[in-house]
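Engineer: predicted model and sequence below, questions to follow.
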Amino acid sequence: MEYISTRGEAPSLGFCDALLAGLARDGGLYLPKTWPKLSKKEIKALRGRSYQEIAFEVLYPFIGDEIGRDAFKAMIEDAYGTFRHPAVAPLVQTGANSFVLELFHGTTLAFKDVAMQLLARLMDHVLAERGERATIVGATSGDTGGAAIDAFAGSERTDVFIFFPHEKVSPVQQRQMTTHLSDNVHAVAVRGNFDDCQNLVKEMFNDAAFRDRLKISGVNSINWARIMAQVVYYFTAALSLGAPDRKVSFTVPTGNFGDIFAGYVAKQMGLPIDRLVIATNDNDILARTLKTGRYEMKGVKATTSPSMDIQISSNFERLLFEAYDRDPAAVRSAMADLKQSGAFDIKESALKAMRKNFRAGRATEKQVAETIREMLSKTGYLIDPHTACGVLVAKKHEKANTPMITLATAHPAKFPAAVKSACGIDPELPPWLSELMQMEERFTVLDAELKAVETFVGDKARAR
Ligand SMILES: Cc1ncc(COP(=O)(O)O)c(C=O)c1O
Ligand SMILES: N[C@@H](CCOP(=O)(O)O)C(=O)O
């Protein structure tokens with residue numbers, strides 16, 4: 001499989017090189033040159049099979065023969081062996097035609113574990129085969145960081161630096177990043193917001209000398225392998241509700257557009273998905289864009305779903321590339337406008353292509369709290385604020401006879417204050433995290449300045 005950049009000015013790469021590259025050298029994002037397809041018959045044959053078996057069949061076409069089948073199967077078994085639910089991502093029915101896909105049974109209680117556990121094993125495998133080390137830099141609004149630190153802690157071949165917005169993540173999220181003792185992981189609180197953290201990470205990638213010296217790699221969803229691993233649960237969920245003989249719809253709480261883009265990929269591969277619904281919180285840049293055709297930054301507001309407090313939505317670039325019929329010049333021009341003026345306009349034909357695949361809606365803070373309360377009183381099921389954004393928006397896009405699946409992206413215990421204030425229940429952390437809030441923290445606070453950040457990383461990283 002060949003991977004190309006959305007900006008068309010970086011060399012195309014094979015899977016393993018794209019995996020280690022993270023961001024393309026022209027600032028773009030890698031994606032496959034063509035979408036691998038599964039026929040209806042092939043999809044049907046996945047029915048009744050385990051998450052791990054489906055993962056192999058869905059993901060191996062993206063890897064080609066760069067990694068042996070048995071080695072990849074072993075990575076999948078190992079990665080999903082860390083999950084606390086035998087189904088990995090179970091479906092829960094919450095209404096006549098409504099379902100919630102629980103993606104929080106991994107070690108750090110958010111959907112990020114699904115991809116990160118596999119990504120860590122893939123990277124270690126490729127680095128070991130090549131006898132190399134890497135310096136991983138990542139930005140987080142709360143969940144990617146914990147998942148990455150957990151998945152890579154103790155890895156012999158990587159040093160991991162995670163940048164999170166100082167005082168803007170939940171206490172549980174922060175401690176999942178700051179209480180690890182492994183020498184190869186570093187949590188850094190940045191005086192700024194998530195977009196500042198993400199910009200710093202992209203600037204480190206774009207500093208060619210720094211990137212080459214420290215062998216910089218990334219674990220955010222700019223890395224194609226993150227998106228790829230997230231495609232699997234669209235298949236498992238749809239299959240258990242009758243696909244490919246029946247269409248299903250998905251609503252996805254969205255920030256960086258990675259998770260929902262994985263749904264788009266599943267659809268390109270042949271999974272019969274009817275609606276893909278983007279759910280945002282008050283930071284509704286994606287919902288506004290779909291409505292108006294103008295992507296326009298207006299500042300970020302802190303909400304009870306902090307992981308979605310994002311306005312530079314990285315993977316929207318992958319969608320732009322697709323919507324412009326894979327014209328990299330159109331993507332370059334949009335990204336240049338965004339950098340220069342904080343906005344860009346989408347051509348009518350591209351907007352039409354986007355609207356064909358996606359719908360969108362927003363949940364206000366008041367609606368998020370009401371949705372948590374209502375779900376609990378009607379079904380006895382407790383949801384976190386991110387999932388609540390999804391559940392609220394899903395309701396507006398449900399269609400008779402088509403199951404609507406909302407992705408439950410985090411466990412309610414990650415956001416106890418918001419959940420308690422909404423419904424009075426203080427969700428408990430699972431037993432393996434029961435000591436988390438008493439453990440000693442270890443992190444560094446830095447200004448949102450490239451020089452300070454590069455100096456910090458340069459002093460601590462061991463890859464040369
Ligand atoms: C709990 C939770 N829900 C939803 C999202 C949004 O996912 P994405 O950024 O892939 O759109 C995130 C962070 O990314 C998250 O941590
Ligand atoms: N919400 C994310 C933000 C980073 O997203 P990613 O999917 O690009 O890693 C988080 O929780 O960190």
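Structural biologist: Nice, thanks for sending it over. Ligands and ions are numbered 1, 2, ... in the order given.

Engineer: in stretch 416-434, which residues are buried?
Structural biologist: 416, 418-419, 422-423, 427, 429, 433 (16 or more other C-beta atoms under 10 Å). Just so you know, the C-beta spots here come from the backbone N, C-alpha and C atoms, and that holds for glycine as well.

Engineer: of all those residues, which comes closest to ligand 2?
Structural biologist: residue 418 (15.0 Å; C-beta to the nearest ligand atom).

Engineer: tell me which element that closest one falls in.
Structural biologist: In the assignment (DSSP states H and E), residue 418 maps to helix 416-423.

Engineer: near ligand 1 at all, that helix?
Structural biologist: No: with C-beta under 6 Å from any ligand atom as the criterion, ligand 1 is not reached by helix 416-423; the gap is at least 11.8 Å.

Engineer: can you name the element that comes right after that helix?
Structural biologist: Next along the chain after helix 416-423, taking DSSP H and E as the criterion, comes strand 444-447.

Engineer: and the stretch 351-464 of the chain, which of its residues are near ligand 1?
Structural biologist: 386, 409-410.

Engineer: starting at the chain centroid, how far to stretch 279-299?
Structural biologist: Distance, stretch centre to chain centre, for stretch 279-299: 18 Å (C-alpha atoms, centre = their mean, to the nearest Å).

Engineer: sorry, that was for stretch 43-57
Structural biologist: The answer for stretch 43-57 is 22 Å, by C-alpha atoms, centre = their mean.

Engineer: repeat for stretch 379-388
Structural biologist: Distance, centroid of stretch 379-388 to centroid of chain: 19 Å (C-alpha atoms, centre = their mean).

Engineer: do stretch 108-124 as well
Structural biologist: For stretch 108-124, the separation from the chain centroid amounts to 10 Å (computed by C-alpha atoms, centre = their mean).

Engineer: swap in stretch 331-351?
Structural biologist: Offset of stretch 331-351 from its chain centre (C-alpha atoms, centre = their mean): 23 Å.

Engineer: how near is the closest residue to residue 297 other than its chain neighbours to residue 286?
Structural biologist: Spatially, and ignoring its direct neighbours in sequence, residue 297 is nearest to residue 342 (4.3 Å; C-beta to C-beta, 6 or more residues apart in numbering). Counting by C-beta to C-beta, to the nearest Å, the separation of residue 342 from residue 286 is 15 Å.

Engineer: looking at those two now, which is surrounded by more residues?
Structural biologist: Legend: neighbour count by other C-beta atoms under 10 Å for residue 342 and residue 286, higher for residue 286 (26 against 14).

Engineer: I'd say that one and residue 253 touch.
Structural biologist: No: Residue 286 is not in contact with residue 253 according to C-beta atoms under 8 Å; the separation is 11.0 Å.

Engineer: what parts of the chain come near ligand 1?
Structural biologist: 110, 143, 221, 253-260, 307-308, 386, 409-410.

Engineer: for these, pick the one with the most neighbours.
Structural biologist: residue 386 (34 neighbours).

Engineer: I'd assumed residue 409 was in contact with it.
Structural biologist: Yes: the criterion here is C-beta under 8 Å, and residue 386 meets it with residue 409 at 4.9 Å.

Engineer: sec struct for residue 210, please.
Structural biologist: With DSSP: H, G, I helix; E, B strand; the rest coil as the basis, residue 210 sits in helix.

Engineer: give me every residue that touches it.
Structural biologist: By C-beta atoms under 8 Å, 6 or more residues apart in numbering, residue 210 lies in contact with 204, 216, 454, 458.

Engineer: next one: residue 177
Structural biologist: Counting by C-beta under 8 Å, 6+ apart, residue 177 touches 140, 145-146, 149, 162, 164, 187, 443.

Engineer: and stretch 121-138, end to end?
Structural biologist: 17 Å (C-alpha to C-alpha, to the nearest Å).

Engineer: list the contacts of it.
Structural biologist: Stretch 121-138 is contacted by residues 16, 19-20, 67, 71, 75, 78-79, 144-145, 148, 152, 155-163, 201, 204-205, 214-220, 225, 457, 461-464 when judged by C-beta under 8 Å, 6+ apart.

Engineer: okay, helices next: where are they in the stretch 301-450 of the chain?
Structural biologist: 316-323, 328-341, 348-357, 365-379, 385-397, 416-423, 450-460 (DSSP state H, counting those that start in this stretch).

Engineer: just name the most buried of the ones you listed.
Structural biologist: When the helices of the stretch 301-450 of the chain are scored by mean count of other C-beta atoms under 10 Å, the highest mean neighbour count falls to helix 385-397 (a mean of 27).

Engineer: circling back: and the helix holding residue 418, what other elements does it pack with?
Structural biologist: helix 365-379, helix 385-397 (3 or more C-beta pairs under 8 Å, 6 or more residues apart in numbering; DSSP states H and E).

Engineer: distance between that helix and the chain's centre?
Structural biologist: With C-alpha atoms, centre = their mean, you get 24 Å for helix 416-423.

Engineer: that helix to helix 365-379, inter-axis angle?
Structural biologist: Put simply, helix 416-423 runs at 70 degrees to helix 365-379, going by axes from the mean of the first three to the mean of the last three C-alpha atoms, to 10 degrees.

Engineer: and the contacts of helix 416-423?
Structural biologist: Against helix 416-423 from outside (C-beta under 8 Å, 6+ apart): 170, 172, 304-305, 368-370, 372-373, 376, 382, 384-385, 388, 412-413, 425-427.

Engineer: any stretches of this protein with poor pLDDT?
Structural biologist: 463-464 (pLDDT under 70).

Engineer: what would the contacts of residue 210 look like in JSON lines with distance to ligand 2?
Structural biologist: JSON lines is the format used below for the contacts of residue 210 (distance: C-beta to the nearest ligand atom, whole Å):
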{"residue": "204", "distance to ligand 2": "15"}
{"residue": "216", "distance to ligand 2": "16"}
{"residue": "454", "distance to ligand 2": "20"}
{"residue": "458", "distance to ligand 2": "23"}
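
Engineer: rebuild the helices of the stretch 301-450 of the chain as JSON lines, extending it with distance to residue 93.
Structural biologist: Formatted as JSON lines, the helices of the stretch 301-450 of the chain follow (distance: least, C-beta to C-beta, whole Å):
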{"stretch": "helix 316-323", "distance to residue 93": "30"}
{"stretch": "helix 328-341", "distance to residue 93": "40"}
{"stretch": "helix 348-357", "distance to residue 93": "26"}
{"stretch": "helix 365-379", "distance to residue 93": "9"}
{"stretch": "helix 385-397", "distance to residue 93": "13"}
{"stretch": "helix 416-423", "distance to residue 93": "20"}
{"stretch": "helix 450-460", "distance to residue 93": "46"}
